[in-house]
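1. below: sequence and its predicted model.
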Amino acid sequence: MRTPKIRVSHSVPQERYEIYVDELYVGYLDYVNETEQVVLTHTVVHDQYSGHGYAAHLVKYVLDDIAKTGKDVVPLCSYVGYYIEQHPEYAAMATEVTR
């Protein structure tokens, strides 16, 4: 069985990361970029692609990308919060909304 090609694209103007599998658009993660933190608001993987680990792949990519900036993340998205609970190496990045 062939391994699918997974690619994540970052659209800074849209404040969105998009995930593609074999060039098919399968989902996205929306965020709001703040001065000292990034608020992760919503993760979506279309139903026909759920259950294959694509949401986890997308969230890991996003967290790794944000880690390079030194900013904290606010996991408003419940899936992102769950992912961080399951992967404690990202726990230090998670914070509450600051104003």
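-> The structure has been received and is ready for your questions. Residues are numbered from 1 along each chain as shown.
2. remind me, longest helix of the chain?
-> helix 54-67 (DSSP state H).
3. who are the contact partners of residue 61?
-> Residue 61 makes contact with 8, 17, 19, according to Cβ atoms under 8 Å, 6 or more residues apart in numbering. Quick note: C-beta positions are derived from backbone N, CA and C, even for glycine.
4. report how many residues lie close to the first one.
-> What that stands for is residue 8. 19 (other Cβ atoms under 10 Å).
5. show me what contacts it?
-> 17, 18, 19, 20, 57, 58, 61, 62.
6. ok, now with 7 Å
-> 17, 18, 19, 58, 61 (Cβ atoms under 7 Å, 6 or more residues apart in numbering).
7. the third one: neighbouring residues, count only.
-> Number of residues near residue 19 (other Cβ under 10 Å) recorded here: 25.
8. now the chain, which segments are flagged as low pLDDT?
-> 97-99 (pLDDT under 70).
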